[in-house]
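> got a sequence here, can you build the structure:
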Amino acid sequence: GRAALLHGGIFWRLALEIPGSDALERAVQGPSKDVFEYAHALRPRHGPAYCNDALTPREIDIICCTYKI
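This next block holds a predicted model:
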């Protein structure tokens, strides 16, 4: 969904190809409700942290069909 679009590259392209997906519409609405659990945080020197959706390493492996022995 939204995290794959934000990740870019092949992940962005695959997210756009999911039939019936509303990922593009959700992407422009801002972070999801899960942003505080599964997120990437940008912490400037001064002021609050900015959080955004991000793929977990496990999700990246699943999308890439990574097989570990």
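> what are the buried residues along stretch 37-53?
Neighbour counts over stretch 37-53 (16 or more other CB atoms under 10 Å) mark 39, 53 as buried. Every C-beta, even on glycine, is put in place using the N, C-alpha and C of the backbone.
> what average pLDDT does that stretch get?
Throughout stretch 37-53, pLDDT has a mean value of 83.
> now do the end-to-end distance for that stretch.
From its first residue to its last, stretch 37-53 covers 9 Å (CA to CA, to the nearest Å).
> give me the contacts around the longest helix anywhere in the chain.
Counting residues, the longest helix found in the chain (DSSP state H) is helix 9-17. Helix 9-17 is contacted from outside by 1, 4-6, 21, 23-24, 55, 60, 63, using CB atoms under 8 Å, 6 or more residues apart in numbering.
> just those residues now: which is nearest residue 69?
Nearest to residue 69, judged by CB to CB, of the contacts of helix 9-17 is residue 60 at 18.1 Å.
> which helix or strand contains that closest one?
Following DSSP states H and E, one finds residue 60 within helix 57-63.
> list the contacts for the nearest residue to residue 42 once chain neighbours are set aside?
Excluding the flanking residues, the one nearest residue 42 by CB to CB, 6 or more residues apart in numbering is residue 50, at 4.6 Å. Listed by CB under 8 Å, 6+ apart, the contact partners of residue 50 are 41-44.
> just to revisit the earlier point, the longest helix of the chain - what's its average pLDDT?
85.
> dump it to PDB, keeping only the CA atoms.
Output in PDB follows, covering the C-alpha atoms of helix 9-17 (Å, rounded to 0.1, in the frame of the first residue of the first chain):
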ATOM      1  CA  GLY A   9      11.500   1.700  -7.200                       C
ATOM      2  CA  ILE A  10      10.000  -1.700  -8.000                       C
ATOM      3  CA  PHE A  11       7.900  -1.500  -4.800                       C
ATOM      4  CA  TRP A  12       6.100   1.600  -6.000                       C
ATOM      5  CA  ARG A  13       5.500   0.000  -9.400                       C
ATOM      6  CA  LEU A  14       4.100  -3.200  -7.900                       C
ATOM      7  CA  ALA A  15       1.800  -1.300  -5.500                       C
ATOM      8  CA  LEU A  16       0.300   0.500  -8.500                       C
ATOM      9  CA  GLU A  17      -0.400  -2.800 -10.300                       C
END
